[in-house]
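> have a look at this prediction, sequence included:
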Amino acid sequence: MATFSFTRISSLMALILVLLGLLSTSLDSAGAQSVGVCYGMLGNNLPSAPEVIQLFRSHNIKRMRIYDPNPAALQALRGSNIELMIGVPNSDLQSLSNPSNAQSWVQRNVLSYWPSVRFRYIAVGNEVSPVNPGTASIAQYVLPALVNVFNAIRSAGLQDQIKVSIAIDMTLIGNSYPPSAGAFRGDVRKYIDPIIGHLTYAKTPLFANIYTYFSYVGNPRDISLPYALFTSPSPVIWDGSRGYQNLFDAMLDALYSALEGAGQYSVDVVVSESGWPSDGASAATFDNARTYYSKLINHVKGGTPKRPGRAIETYLFAMFDENQKQPELEKHFGVFFPNKQAKYPLNFGTKRISDISAENNTTVFLKSDM
């Protein structure tokens, strides 16, 4: 009978644990790489664009959303390998409803930086709604601007590399409970149906800004804080055979049901914003925000009850606290302070394995290069 020394057994166990750690890190990194961060710039104390890009890279944040074609940010992104969602500001929608203007916009703000800037998406407008008094007057321009920007990208042969869509908020959903009965509001169907029809044609996801925070503070009687923060220990609601342990999944699946109800079964959803404020309003605390962001990053690698087993591409809102935003709570969504210090201990793809073998006193550090 073969015998093994204690040292060899210890070494073998250490190797096994390292391999398991590598697998765990790979899975963890895959989940983290589903997460980007929104880089808002409405602050008078924020770092320079090159410093921000370096901060993204040093924390292994591989995806970024910006809301307008800021030249300093675009220049700093050259060669960074960060995948970018760039926004067409709402104020440009009317202009880009003209095909020539859209072609010029794409040439100036995208093609002149490609491929040294890795554009992934163009978001044509943000949270435009025909029933919101603040955006109703420009809703008519969203579809033509979307199509014109898409055509400009297609004319450059980049329609498979750079996807063009719009970012909605959840006020377009008229019914969200149960998630399987999710449906768009009747008075936005004429607006949204042609848009999502185009997205099906273009094989492009819909972008959606999903905030469990606002749903919770708007209805704390029926929505519990643990359900909104990913901390419920068991399903809170059942929708047929699907159990929902958190509000984020329920909101996202309600949107998928709304898309299916509008006849668009193949449109995927990218969560273009999600976050929780750390101050400035009810339930806006440091601990709640830390819990939400850390749980969200871990959660989105696994899908929803309706669409399980695949990562949910998600962008945290936002990179920094922005002191020029209003109302007060809007100033407190940052995951970093303006001095570049992390507000919360979030893992964007760097993994430490600290207990490979107590007997061997071994520590291994692994960093994802995905």
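All right, it came through fine. Given the structure is predicted, the values throughout are model-derived calculations rather than measurements.

> so what's S234 up against?
S234 sits next to 243, 245 when contact means Cβ atoms under 8 Å, 6 or more residues apart in numbering. (Glycine included, C-beta is placed from N, CA and C.)

> do the same with N175
181-183, 254.

> for W105, see how far away it is.
N175 sits at a distance of 36 Å from W105 (criterion: Cβ to Cβ, to the nearest Å).

> thought I61 was touching Y315, still the case?
No: taking Cβ atoms under 8 Å as the definition, Y315 is not a contact partner of I61, at 10.2 Å.

> what sits in contact with each of the two?
With contacts defined as Cβ under 8 Å, 6+ apart, the residues shared by Y315 and I61 are 35-37.

> any of those residues buried? List them.
For the shared contacts of Y315 and I61, a burial check counting by 16 or more other Cβ atoms under 10 Å picks out 35-37.

> of those residues, which is the nearest to Y191?
Closest to Y191 out of the buried ones among the shared contacts of Y315 and I61 is G36 (27.0 Å), distances taken as Cβ to Cβ.

> nearest residue to that closest one other than its sequence neighbours?
R63 (2.8 Å; Cβ to Cβ, 6 or more residues apart in numbering).

> so G87 touches N70, yeah?
No: look at G87 against N70 with Cβ under 8 Å: they stay out of range, at 9.9 Å.

> higher neighbour count, these two?
Neighbours around G87 and N70, counted as other Cβ atoms under 10 Å, are more numerous at G87. The numbers are 22 against 17.

> and the one helix or strand D287 maps to, what's its mean pLDDT?
According to DSSP states H and E, D287 maps onto helix 286-299. Across helix 286-299, the average pLDDT comes to 98.

> and the next helix or strand past that helix?
strand 314-316.

> partners of that next one, with directions?
Under the criterion DSSP bridges, strand 314-316 sits next to strand 35-38 (parallel), strand 269-274 (parallel) in its sheet.

> so which of those strands is the most packed in?
strand 35-38 (a mean of 27; mean count of other Cβ atoms under 10 Å).

> export that one as CSV, just CAs?
This file holds the C-alpha atoms of strand 35-38, laid out as CSV (Å, rounded to 0.1, in the frame of the first residue of the first chain):
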residue,chain,number,x,y,z
VAL,A,35,-20.4,45.6,-13.8
GLY,A,36,-19.4,49.0,-15.0
VAL,A,37,-19.6,52.4,-13.4
CYS,A,38,-21.3,55.6,-14.5
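
> off-centre distance for that strand?
5 Å (Cα atoms, centre = their mean, to the nearest Å).

> now what about it, what contacts it?
Applying Cβ under 8 Å, 6+ apart, the set of residues contacting strand 35-38 from outside is 56, 61-67, 83, 85, 272-273, 296-297, 300, 313-319, 335, 348.

> mind giving me the ChimeraX select for the residues you listed, buried ones only?
Applying 16+ other Cβ under 10 Å to the contacts of strand 35-38, the buried members can be selected in ChimeraX as follows:
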select :56,61,62,63,64,65,66,67,83,85,272,273,296,297,300,313,314,315,316,317,318,319,335,348
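
> which SS class is the spatially closest residue to F184 that is not a sequence neighbour?
Excluding the flanking residues, the one nearest F184 by Cβ to Cβ, 6+ apart is A258, at 4.8 Å. Classification of A258 by DSSP: H, G, I helix; E, B strand; the rest coil places it in helix.

> give me the number of residues near A258?
By other Cβ under 10 Å, the residues close to A258 number 24.

> contacting residues for it?
By Cβ under 8 Å, 6+ apart, the neighbours of A258 are 173, 182-184.

> how about L77?
53, 64, 84, 113, 117-118.

> picking that back up, now render the strands paired with strand 314-316 as TSV, adding mean pLDDT.
Formatted as TSV, the strands paired with strand 314-316 follow (pLDDT from 0 to 100):
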stretch	mean pLDDT
strand 35-38	98
strand 269-274	98
